[in-house]
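Student: Fold the following and give me the result.
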Amino acid sequence: MFPFIEVWGQTYSTNAVLMMLLIGIALTVFTIAFRREKISFYKHIILVSIMTGIGLVGARLFYVLFVDTTLLRNPSLDTLFHFQGMVFYGSFLLGALCFPFVIKLLYLRSIRGTPYPCACGRKTSPCSASVKNRLWDLSSILMAFSYGVLRIGCLANGCCWGRINDQPCAVVYDNPQSLMPYLGIPVHPVQLYDSLGGFFMATVLAGFYRKGLCKGNLFVLLCLFYAVIRFVTEAFRGDAFRGEDVLGWLSMSQTLSVGLFAIGLFFLIRLYPPGLYRGLRS
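Tutor: Next up is the predicted model:
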């Protein structure tokens, strides 16, 4: 595939180019969504920068702590933060834990502790809650979309490859610069399966957002969708280490998917006890 691409005469990592593209898209989305509130553009830059950093650190730490623990024997900044070998679940979990604190510091309170005014000019808590809900919802959509885009980067880079496959949909890696060690062997394009799943999640969540459904709680739906998609696509993964098996066949990511789905379902039922459809419309 194409682990590196040339842009204006310079060679860059495909993943790096895609990440810069996603950062630009995120800044554009937040700027347009909150233009009426007149929130400073610099706050959007800080939010996207911080969450990008948290995502990278979380993905790498998960890899070091649970996948390649040999890196802990001789820890150094170069090995721990080399960012060659990362797990999306680490980015997902650490980002979800840190996001509430980041948006509270940046958006929900000013320097004096007063809630930011809404477009209506009031400084009441409902307006502050509206900003928080939209931040969560838009970030959930962007996370799903980013997952789809970054999995294309994985396909180009040759990491997270699939099992051997002799069907017409198989892909073959022949670039020695790719991370795929088994060149010339047809395998499942599992990264593309994940990518399509990411774009599907983003499309559904964006539709919910446009129709005003599940306001402020799209992240719960993201957890449910991602858990199912990752559980299924994990079965097509071919890279050697998938974590210690649970019940004889579940990989680490599939086990996490079961837990994530259970947590998401719990919050969905708790948030909308009268009925799912009526609750989503409220």
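
Student: Okay, the residue nearest to His188 when sequence neighbours are not counted and Tyr182: tell me how far apart.
Tutor: Distance criterion C-beta to C-beta, 6 or more residues apart in numbering; nearest residue to His188, sequence neighbours excluded, is Gly162 at 2.9 Å. Placement of C-beta: from N, CA and C, glycine included. Using C-beta to C-beta, to the nearest Å, Gly162 is found at 11 Å from Tyr182.

Student: the more surrounded of these two?
Tutor: Gly162 (25 against 12; other C-beta atoms under 10 Å).

Student: give the contact list for that one.
Tutor: 187-191, 236-238 (C-beta atoms under 8 Å, 6 or more residues apart in numbering).

Student: okay, Gly184: pLDDT?
Tutor: Listed pLDDT for Gly184 reads 84.

Student: swap that for Arg163, please
Tutor: 87.

Student: Number of residues surrounding Ile25?
Tutor: 15.

Student: Equivalent analysis for Val48, please.
Tutor: Neighbours of Val48 (other C-beta under 10 Å): 20.

Student: Who's the closest spatial neighbour of it, skipping the chain neighbours?
Tutor: Ala26 (4.9 Å).

Student: Whichever helix or strand that neighbour is part of packs against which elements?
Tutor: Using DSSP states H and E, Ala26 sits within helix 14-33. The contact analysis (3 or more C-beta pairs under 8 Å, 6 or more residues apart in numbering; DSSP states H and E) places helix 14-33 against strand 4-7, helix 41-62, helix 125-157.

Student: Now pLDDT and neighbour count too, for the contacts of Gly162, in CSV please.
Tutor: Shown next, in CSV, are the contacts of Gly162 (pLDDT from 0 to 100; neighbours: other C-beta atoms under 10 Å):
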residue, pLDDT, neighbour count
Val187, 89, 21
His188, 90, 21
Pro189, 91, 20
Val190, 92, 24
Gln191, 92, 26
Phe236, 88, 17
Arg237, 86, 21
Gly238, 81, 17
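
Student: what's the closest of those to Leu65?
Tutor: Arg237 (19.5 Å; C-beta to C-beta).

Student: distance of that closest one from Tyr226?
Tutor: Taken as C-beta to C-beta, the span from Arg237 to Tyr226 is 16 Å.

Student: And for Pro168?
Tutor: 28 Å.

Student: Neighbour count for those two, which is higher?
Tutor: Tyr226 (25 against 6).

Student: Quick check: that one is in a helix.
Tutor: Yes. Assessed by DSSP: H, G, I helix; E, B strand; the rest coil, Tyr226 belongs to a helix.

Student: quick one: low-confidence parts of the protein?
Tutor: 1, 76-83, 108-128, 240-248, 273-282 (pLDDT under 70).

Student: 50 instead?
Tutor: Under the criterion pLDDT under 50, the flagged ranges of the chain are 110-126.

Student: before we move on, the earlier item: and the residue nearest to Val48, what does it touch?
Tutor: Applying C-beta under 8 Å, 6+ apart, the residues contacting Ala26 are 44, 48, 142, 146.

Student: ok, back up a step: nearest to Thr52, of the contacts of Gly162?
Tutor: Nearest member of the contacts of Gly162 to Thr52, counting by C-beta to C-beta, is Gln191, at 20.6 Å.
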